[in-house]
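*Asks:* return atomic coordinates for the entry below.
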Amino acid sequence: MAQTYGEPTDTIVSEAKGDAEQIRRESSDRARILLGAATVERRLKALLDLHLHSCSESLPNKVARDFRRRVGNHFGAAIDFAYCAGLVDPDRFEILRALLEIRNLVAHRVDCGSFEAEDVKKKCDALRHANPRLEKFETRMLIQATVMMLCVSLDVSRISWSQDPVPPDAQVEILAAAWWPYLDSTEVELEQLADFGKGVAGLVRFFASKLAETEAAPG
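*Replies:* Sure thing, here's the model as predicted:
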């Protein structure tokens, strides 16, 4: 059965903590954007690999090898195939394609290595269009929240292939906690994140709890 190919929650949470810490340590905007996109790409390809394993009995070896070669080299191809295979819904597809465009712009343009670069801000309009709950975020938090949301949702999909007994909502909260150090959020942004979290089951409770902690803190 396909479920036997997945990884348990603990393994994926450990991976998420490591990735969040690695990105957080980067001082430049360019590195944070590129690493964030690369982290999403790696998770998407891991999900695709699980799908390929589930089809392995009906796929000739040459087809499987060709698939891995094509998808392994291209983020865009991985996004398109994941959508065609039904692994991501239309909303996630739009968000992934928008993130790819931002990644390419930052990677190939010397003048676009900052969250404040005008062309980066323009590209972020596609993210806002794909997810109206992100509309109020400035560019930095917009990209960070997008990376976190995609990583959490893709990781929950990966866990679903395993026999892990942890309920999906609990998986989301655990993964959100793993990614929390990656977000440089203000109290105002936390209020917006709590609303944004309504788009992914479990995130709303996590962000609401963080907002309550902030409001209760002295000073």
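*Asks:* ok, which stretches of the protein are helices?
*Replies:* 9-25, 29-54, 61-73, 75-84, 90-108, 118-130, 139-159, 168-179, 187-196, 203-216 (DSSP state H).
*Asks:* list the residues that contact the closest residue to Glu41 other than its chain neighbours.
*Replies:* Distance criterion CB to CB, 6 or more residues apart in numbering; nearest residue to Glu41, sequence neighbours excluded, is Phe75 at 4.7 Å. Using the backbone N, CA and C atoms, a C-beta is placed for each residue, glycine as well. Going by CB atoms under 8 Å, 6 or more residues apart in numbering, Phe75 touches Ala37, Glu41, Leu44, Leu100, Arg103.
*Asks:* show me what contacts the third one?
*Replies:* Contacts of Leu44 were listed using CB under 8 Å, 6+ apart, and they are Phe75, Ala78, Ile79, Ala82, Val88, Leu96, Leu154.
*Asks:* and it, how far from Glu189?
*Replies:* Leu44 sits 26 Å away from Glu189, going by CB to CB, to the nearest Å.
*Asks:* possible to save the contacts of Leu44 as CSV with distance to Ala177 and pLDDT?
*Replies:* Listed next are the contacts of Leu44 as CSV, based on distance: CB to CB, whole Å; pLDDT from 0 to 100:
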residue, distance to Ala177, pLDDT
Phe75, 27, 91
Ala78, 27, 90
Ile79, 27, 94
Ala82, 26, 90
Val88, 24, 91
Leu96, 24, 95
Leu154, 17, 91
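*Asks:* could you export stretch 34-44 as PDB, CA atoms only?
*Replies:* Taking C-alpha atoms only, stretch 34-44 is exported to PDB below (Å, rounded to 0.1, in the frame of the first residue of the first chain):
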ATOM      1  CA  LEU A  34      16.500  31.300  -2.300                       C
ATOM      2  CA  LEU A  35      16.800  28.900   0.700                       C
ATOM      3  CA  GLY A  36      13.000  29.200   1.400                       C
ATOM      4  CA  ALA A  37      12.200  28.300  -2.200                       C
ATOM      5  CA  ALA A  38      14.700  25.500  -2.200                       C
ATOM      6  CA  THR A  39      13.100  24.100   0.900                       C
ATOM      7  CA  VAL A  40       9.700  24.100  -0.600                       C
ATOM      8  CA  GLU A  41      11.100  22.500  -3.800                       C
ATOM      9  CA  ARG A  42      12.700  19.700  -1.900                       C
ATOM     10  CA  ARG A  43       9.500  18.900  -0.100                       C
ATOM     11  CA  LEU A  44       7.400  18.900  -3.300                       C
END
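*Asks:* what is the rounded mean pLDDT of that stretch?
*Replies:* For stretch 34-44, the mean pLDDT works out to 95.
*Asks:* buried sites along it?
*Replies:* By 16 or more other CB atoms under 10 Å, the buried positions in stretch 34-44 come out as Leu34, Leu35, Gly36, Ala37, Thr39, Val40, Glu41, Arg42, Arg43, Leu44.
*Asks:* just checking, Cys151 touches Leu175?
*Replies:* Yes. Look at Cys151 against Leu175 with CB atoms under 8 Å: they come within range, at 7.5 Å.
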